[in-house]
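K.L.:
Dropping the sequence and predicted coords here.
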Amino acid sequence: MRNVFIIKHRQRVVRIRSGQWGAWWRPNRMGYTDRIELAGLYTLIEAWEATCHCGPEKEIYFDFVEKLIRPPLGVIPKFIWIEQRLDAISEAISRYKQAGWEVPPEWYEEHAEHAHTIIKLNRQQNEKN
């Protein structure tokens, strides 16, 4: 009876939950997470094949996803990448200064370039609003 259900609904999307660990399986079976938004999405047949060997102590269950709540992973938006790069440069400059090392001048140049870009993007966003 169970196999008939799995075959019939094999393409439905599920998240895999481990009651033993109180966590969701991550994508590609790469560990666990307690944050549902980081849980992996599997077809029912993939989930079944990945867990059918598990005993009852694992407390495995499938959470059906009626509609995907997020799009597939794309690329980091440019403004976020720039902000992250700006933070990384600022932190590196700070570490060099604290260690008494000379900061490479190109780091200051890149920092200024990214800071200018952020100001420009914020200005454009404010004009849209």
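P.N.:
Done, it's in.
K.L.:
which one is residue 114 nearest to, not counting chain neighbours?
P.N.:
Spatially, and ignoring its direct neighbours in sequence, residue 114 is nearest to residue 86 (4.4 Å; Cβ to Cβ, 6 or more residues apart in numbering). Backbone N, C-alpha and C define where each C-beta goes, glycine included.
K.L.:
no no, residue 21
P.N.:
Leaving aside its chain neighbours, residue 21 sits nearest to residue 32 (5.2 Å; criterion: Cβ to Cβ, 6+ apart).
K.L.:
Next, give phi and psi for that neighbour.
P.N.:
Main-chain dihedrals, residue 32, degrees, to the nearest 10: phi -120, psi 160.
K.L.:
Report the contact partners of it.
P.N.:
By Cβ atoms under 8 Å, 6 or more residues apart in numbering, the residues touching residue 32 are 18, 21, 23-26.
K.L.:
can you do 10 Å?
P.N.:
Counting by Cβ atoms under 10 Å, 6 or more residues apart in numbering, residue 32 touches 16-18, 20-26, 38-39.
K.L.:
what is the rounded mean pLDDT of the strand or helix carrying residue 15?
P.N.:
Element membership of residue 15 [criterion: DSSP states H and E] is strand 13-18. Averaged across strand 13-18, pLDDT comes to 94.
K.L.:
hey, which helix or strand in this structure has the poorest pLDDT?
P.N.:
Here the helix or strand of the chain ranked lowest by mean pLDDT, DSSP states H and E is helix 2-8, holding a mean of 74.
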